[in-house]
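A.B. asks: only the shape, not the letters, is given here:
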Ligand code: IMP
Ligand code: MG
């Protein structure tokens, strides 16, 4: 039976980290426009908080994607369930993701969006789980590096549940 077994990051810890990331982004894009691309559904909470801490001309859009799996990594394709509304050609684009696990989703998405010729394309993730990395992804902004635990909350789900937790918790298979 799956249960929440502990808190990994409190609401306060997350808020402090979001502000830290936002200030770094603000500095790096000073004087420029920025399009944040939130990856649905997991990154919805993170991107909503992040954008409100960035004092720049920020636009927001969303994508929903699913990876074909490792067999097609080299082709750089990702199955797009919901595409962007806007054309990203010549724009500064920052992909905002909840968590990187194998890296396959972001690797493929990065390659797909690069073909649309943005002015710049960078990656931001709240959480990175390097232990399970299968492909290389250069992530420009990382909130927390975490060990190999299954986590939920702050937009992230287990079987579509727990997205509304305001903190990040650990889920484990425990004996009843
Ligand atoms: P990747 O392509 O393996 O990097 O997959 C990343 C995606 O897997 C994330 O966007 C999440 O949707 C999901 N994921 C990875 N680790 C976790 C976790 O610990 N809890 C919930 N979802 C996760
Ligand atoms: Mg996701």
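C.D. replies: Arrived safely, thanks for sending. None of the values given here were measured: they were computed from a predicted structure. Ligands and ions are numbered 1, 2, ... in the order given.

A.B. asks: shaky segments in the chain?
C.D. replies: Residue ranges of the chain with pLDDT under 70: 67-77.

A.B. asks: which parts of it sit against ligand 1?
C.D. replies: Residues of the chain lying close to ligand 1 by C-beta under 6 Å from any ligand atom are 42, 67, 97-105, 150-152, 156. Every C-beta, even on glycine, is put in place using the N, C-alpha and C of the backbone.

A.B. asks: weed out the non-buried ones from those.
C.D. replies: For those, a neighbour count by 16 or more other C-beta atoms under 10 Å gives the buried set as 42, 67, 97-105, 151-152, 156.

A.B. asks: grab the longest helix from the protein for me.
C.D. replies: Taking DSSP state H as the criterion, the chain has its longest helix at helix 11-28.

A.B. asks: for it, the distance to its chain's centre please.
C.D. replies: 14 Å (C-alpha atoms, centre = their mean, to the nearest Å).

A.B. asks: mind listing what's buried in that helix?
C.D. replies: Quick answer for helix 11-28 (16+ other C-beta under 10 Å): 14, 17-18, 21-22, 25, 28.
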